[in-house]
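Q: Any chance you could fold what I've pasted below:
(one chain, ligands or ions: 3)
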Amino acid sequence: MFTMFTTIPVLIILAWFDSFSLINAQRNPTISFISKDKVVNIGDNLELKCQAQDAESYPVAWTKLSPSADQEQVFISKGQSIIIPSNRHQILYDDRDSTYTLLIEKIQEIDVGIYRCEITTAVNTKIWADVPVIVRIPPVIADNSTRSVITAVGERVTLKCYASGYPTPMISWRREKNRLLPNQMAFYKGNNLTIDHVTKDDRGTYYCVADNGVGQGARRNIGVEVEFPPFVRAGRSLVKQALQYDADLHCHIEAFPSPSIQWYKDGQVINDNQHYQINTFVRTDEFIDTTLRVRRIEKRLFGIYVCQANNKLGTNQTMIELSESVNIVCPPACDVGFYISGAASYHHQFLSSSIIIFISVSIVWR
Ligand SMILES: *[C@@H]1O[C@H](CO)[C@@H](O)[C@H](O)[C@H]1NC(C)=O
Ligand SMILES: *[C@@H]1O[C@H](CO)[C@@H](O)[C@H](O)[C@H]1NC(C)=O
Ligand SMILES: *[C@@H]1O[C@H](CO)[C@@H](O)[C@H](O)[C@H]1NC(C)=O
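A: Ligands and ions are numbered 1, 2, ... in the order given. Model (predicted):
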């Protein structure tokens, strides 16, 4: 009995040593190190390391799974050779630590993806380790963002802005001259900027800004035009002048789209003639000034004048009374001679003679 007790442990120890030496001889390859996730900028150079233990007699490959190609796997290198047509890729092998280093020069957007170091250990068996590579991309405003809008008073309008880039850009809004946005602040964050009840004051330029900390950021200027019916206002609603002198009736119009403008007296449309001269001056898209000059006033030219503007959204008008005064009112009566009736006709004669001279000169030339 005693001898049997001593031999059994010896056998077990021998068996254990035996199996250990067997494993040692046929060690399976392993990946003992792989680079950490990479976030890189366009133009950078990138280095990806894969340390393969006990893999001397196995093919070690760097492959890539591209998000843009449905994660299809493309082989970049096999062993110590690059197997894709590229002059930006290189493979370095260091036999001291059995590391395969994949170098990629001048990173581009297409280099984004998962890089996989892969060892084929048998016909149907592989081991691998992955390194995701993310490329920082400055924001670019997407084409589906609003370019400009034309809306009308009282309507609801939404301006949209999207941007690509990595990291995902933050979209924010501002207005020209830091005017207030619908949230009553100068700044709004989000893709959609909605104005619930458009007013005239909402017109102008809006800025959509996309920023992700890469590069300068991107900006789009979005023009918002608001259509509204004309609003007509008199410069002065009572204008006085003495007989035989000139008077100017001023009228300010705000409208969009641009209105047609008419002056009336006693229900009759006024056209330019020897007593009337209409000047219209467009200050901006929405502001127009119109002036009716009444020349060498006669008794019948006193009375009520109407300045009227109309566009597709409506009509508006204002009245200006021209009444007789004993005194000569300046301006325009006291302006340079030109505006006084006598001087005006002198000027006319001068003009006519210069036209005649011009004609005779051109005849000589022929
Ligand atoms: C606009 O385009 C961007 C990028 O191309 C996309 O992410 C977004 O979903 C699109 N938005 C709409 C509303 O179509
Ligand atoms: C912006 O509007 C689009 C479509 O009009 C909608 O799909 C999206 O959810 C909106 N975005 C936000 C942040 O409200
Ligand atoms: C012109 O417009 C103003 C402001 O909208 C309004 O108060 C006024 O009654 C209008 N006048 C006419 C004659 O339509």
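Q: which residues does the closest residue to ligand 3 within the stretch 201-350 of the chain contact?
A: Closest residue of the stretch 201-350 of the chain to ligand 3, Cβ to the nearest ligand atom: Asn316 (3.7 Å). Using the backbone N, CA and C atoms, a C-beta is placed for each residue, glycine as well. Residues in contact with Asn316 (Cβ atoms under 8 Å, 6 or more residues apart in numbering) are Pro229, Pro230, Phe231, Val232, Ala255, Gln308, Ala309, Asn310.
Q: so which of these would you say is closest to Gly79?
A: For the contacts of Asn316, the minimum distance to Gly79 (Cβ to Cβ) is 76.9 Å, reached by Ala255.
Q: okay but the closest one is in contact with Val226, surely?
A: No - in this structure, Ala255 is not within contact of Val226 by Cβ atoms under 8 Å, at 11.0 Å.
Q: Look at the residue nearest the centre of the chain and give its secondary structure.
A: For the chain, the residue nearest the mean C-alpha position is Arg220 (1.3 Å; Cα atoms, centre = their mean). With DSSP: H, G, I helix; E, B strand; the rest coil as the basis, Arg220 sits in strand.
Q: And the pLDDT at it?
A: Here the pLDDT value assigned to Arg220 is 97.
Q: Relative to ligand 2, how far out is it?
A: 16 Å (Cβ to the nearest ligand atom, to the nearest Å).
Q: would you list every one of the strands in the stretch 251-366 of the chain?
A: Listed in chain order, the strands of the stretch 251-366 of the chain (DSSP state E, counting those that start in this stretch) span 260-265, 268-269, 276-282, 287-294, 303-311, 314-324.
Q: May I have the strands that pair with the longest one, each with its orientation?
A: For strand 314-324, the pairing partners within the sheet under DSSP bridges are strand 238-241 (parallel), strand 303-311 (antiparallel).
Q: right, and His252 touches Ser237 too?
A: No - using Cβ under 8 Å, His252 is not in contact with Ser237, being 12.0 Å away.
Q: The two: which has the busier surroundings?
A: His252 (17 against 11; other Cβ atoms under 10 Å).
Q: who touches the helix or strand hosting Thr151?
A: If you go by DSSP states H and E, Thr151 is part of strand 148-152. Strand 148-152 is contacted from outside by Val157, Leu159, Ile195, Val198, Ile222, Gly223, Val224, Glu225, Val226, Glu227, Phe228, Leu313, using Cβ under 8 Å, 6+ apart.
Q: Please see if it touches ligand 2.
A: No - using Cβ under 6 Å from any ligand atom, strand 148-152 stays clear of ligand 2, coming no nearer than 13.8 Å.
Q: Tell me the gap between that strand and the middle of its chain.
A: Taking Cα atoms, centre = their mean, to the nearest Å, the mean C-alpha location of strand 148-152 is offset from the chain mean by 16 Å.
Q: ok, then the element right after it?
A: Following strand 148-152 in sequence order, the next helix or strand is strand 157-160 (DSSP H and E).
Q: Send me stretch 171-188 as CSV with only the CA atoms.
A: Extracted in CSV, the C-alpha atoms of stretch 171-188 (Å, rounded to 0.1, in the frame of the first residue of the first chain):
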residue,chain,number,x,y,z
ILE,A,171,-25.0,75.0,-36.3
SER,A,172,-25.9,78.4,-35.0
TRP,A,173,-27.6,81.5,-36.3
ARG,A,174,-27.0,85.2,-36.2
ARG,A,175,-28.3,88.2,-38.0
GLU,A,176,-26.7,91.1,-39.8
LYS,A,177,-25.9,93.9,-37.4
ASN,A,178,-26.6,91.5,-34.5
ARG,A,179,-30.3,92.1,-34.8
LEU,A,180,-32.6,89.9,-32.7
LEU,A,181,-33.6,86.4,-33.9
PRO,A,182,-37.1,84.9,-33.2
ASN,A,183,-35.9,83.8,-29.8
GLN,A,184,-35.3,87.4,-28.9
MET,A,185,-31.6,86.9,-28.7
ALA,A,186,-28.7,87.6,-31.1
PHE,A,187,-27.8,83.9,-31.2
TYR,A,188,-29.6,80.7,-31.8
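Q: What lies in contact with that stretch?
A: 159, 161-163, 189-191, 193-196, 202, 204-211.
Q: What's the mean pLDDT across that stretch?
A: 94.
Q: related to what we said a few turns ago, dump the strands of the stretch 251-366 of the chain to TSV, plus mean pLDDT and distance to Leu103.
A: Putting the strands of the stretch 251-366 of the chain into TSV (pLDDT from 0 to 100; distance: least, Cβ to Cβ, whole Å) gives the following:
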stretch	mean pLDDT	distance to Leu103
strand 260-265	96	71
strand 268-269	96	82
strand 276-282	95	63
strand 287-294	96	63
strand 303-311	97	67
strand 314-324	97	70
